[in-house]
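In: sequence and predicted structure are below.
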Amino acid sequence: MSQPVDIPKEQWAQVTEKDGVIKYKKIPVPTPGHDEVLVNIKYSGVCHTDLHALDNDWPLPRKTPVIGGHEGAGVVVQKGELVTNVDIGDKVGVKWLMSTCFHCTFCQQALESLCPKAQLSGYTKDGTFQQYCVANAAHLARFPPQTDLSAVAPIMCAGLTVYKGLKESDTRPGQYVAIVGAGGGLGTIGIQYAHAMGLNVIAIDSGKEKGEACKKLGAAMYIDFKDSKDLVADVKKATHDGLGPQGVILLAPQEQPFQQATDYVRSHGTVVCIGMPAGAKVSMPVFDTVVRMIKVKGSYVGNREDTAEALDFFLRGKVHAPYKVIGLSQLQNVFDEMRANKVIGRYVMDMSK
């Protein structure tokens, strides 16, 4: 039988009190509801979505004040009376999708991310940039006891999101996939998932350091878009027959890559939009899209089964997130680096510092 855990009344958290401003402060420890648990967050990754949440620049209502974060890994310390799927002391993960209704047509089809009543960690509900976080028990990721919580944290969003995007691309082993924004948090994990799935990866980003990181992680080719005189031609040239990749995964935080992708994707190929630059639009020539039978689709996180699959790759040692550990108190520095496009891989915060 699980032993009771001493829970403090106060905790440290990074709180967004107004758009663009975070404050490191002490706040009360929350209490879980009947179908919720209280998770002692040990580590939390920092995602580019957290910067959008901070700036409140998406056309999606965000609560204020809000505690950001949705890549949490920790230990259950308290649970509601209806929770039976986890116990005190279990290692668990808190994801972007905090809770859903389980009753709507989307939930019934395992399209949980489309639930009209979905609650989002670090956006519509307080997230993982705090030492103790309340989460819906049904949507927790469950980890084996030996799991390294700092290493698994980025899988809760970066890993899950890019893995789902690769599934949505309909690419098969031996085919090519271009990953745009390959040197970032999602991209560095995406290269590994794609490589493990038998795909040939064309990594697109800028900078020598990112290029070296991408090749080390398994990319067959790296294209620096700032150095390229003709990006479309260079991407096509990277495939053995010069026809372009069968899949394109768009992770970039800028709009331009979303306008270019249909020019170099292979005929009958698929462009998957994952990154969400504020105010950006996707456009493509209708004639070319029709006669070349190009598919353009969005991919938005993943369901509970996708989470289990993405986690399985990690647990079998097929993927790992290149990450640096910093303290919770240093979150502002991470956002500053994100704004300057200097982040390689992932930052993971140690919640005790």
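Out: All right, it came through fine.

In: ok, residue 196 - contacts?
Out: By CB atoms under 8 Å, 6 or more residues apart in numbering, residue 196 lies in contact with 313, 318-319. (Each C-beta comes from the backbone N, C-alpha and C, glycine too.)

In: can you pick the most crowded of the residues you listed?
Out: Highest neighbour count within the contacts of residue 196: residue 319, with 27 neighbours (other CB atoms under 10 Å).

In: ok so, going back, so, if you compare the contacts of residue 196, which one comes nearest to residue 101?
Out: Set against residue 101, the nearest of those by CB to CB is residue 313 (29.1 Å).

In: any idea how far the closest one is from residue 213?
Out: Distance from residue 313 to residue 213, counting by CB to CB, to the nearest Å: 19 Å.

In: got a list of what residue 193 touches?
Out: The neighbours of residue 193, taking CB under 8 Å, 6+ apart as the test, are 159, 162-163, 166, 310, 313, 318-319.

In: select from those residues every entry located in strands.
Out: Assignment to strands by DSSP state E places none of the contacts of residue 193 there.

In: which of those residues fall within helices?
Out: Mapping these onto helices (DSSP state H) picks out 159, 162-163, 166, 310, 313.

In: what strands line up against the longest strand anywhere in the chain, and which way round?
Out: Identified as the longest strand of the chain according to DSSP E is strand 36-46. Strand partners for strand 36-46, identified by DSSP bridges, are recorded as strand 72-79 (antiparallel), strand 132-136 (antiparallel), strand 346-350 (antiparallel).

In: could you export these as CSV, including mean neighbour count, distance to residue 117 and mean pLDDT?
Out: Formatted as CSV, those follow (neighbours: other CB atoms under 10 Å; distance: least, CB to CB, whole Å; pLDDT from 0 to 100):
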stretch, mean neighbour count, distance to residue 117, mean pLDDT
strand 72-79, 24, 22, 96
strand 132-136, 25, 12, 97
strand 346-350, 24, 29, 91
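
In: quick one, which of these gets closest to residue 59.
Out: Shortest distance between residue 59 and those, using CB to CB, is found for strand 132-136: 24.8 Å.

In: which helix or strand lies directly C-terminal to the closest one?
Out: Counting by DSSP states H and E, the next helix or strand C-terminal to strand 132-136 is strand 141-142.

In: can you name every helix or strand that that next one contacts?
Out: With contacts taken as 3 or more CB pairs under 8 Å, 6 or more residues apart in numbering; DSSP states H and E, strand 141-142 sits against strand 91-94, helix 304-315.

In: swap the cut-off to 7 Å and go again
Out: Contacts defined by 3 or more CB pairs under 7 Å, 6 or more residues apart in numbering; DSSP states H and E place strand 141-142 against strand 91-94.

In: do me a favour and average the pLDDT over the following helix or strand past the strand it packs on.
Out: Under the assignment DSSP H and E, the closest C-terminal helix or strand after strand 91-94 is strand 97-99. What strand 97-99 shows for mean pLDDT is 94.

In: now stretch 14-28
Out: Averaged across stretch 14-28, the pLDDT comes to 94.

In: which single one of the ones in helices among the contacts of residue 193 is nearest to residue 133?
Out: Set against residue 133, the nearest of those by CB to CB is residue 159 (19.2 Å).

In: export the contacts of residue 193 to a markdown table and tack on pLDDT?
Out: Below are the contacts of residue 193 laid out as a markdown table (pLDDT from 0 to 100):
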| residue | pLDDT |
| --- | --- |
| 159 | 93 |
| 162 | 96 |
| 163 | 96 |
| 166 | 97 |
| 310 | 96 |
| 313 | 96 |
| 318 | 94 |
| 319 | 93 |
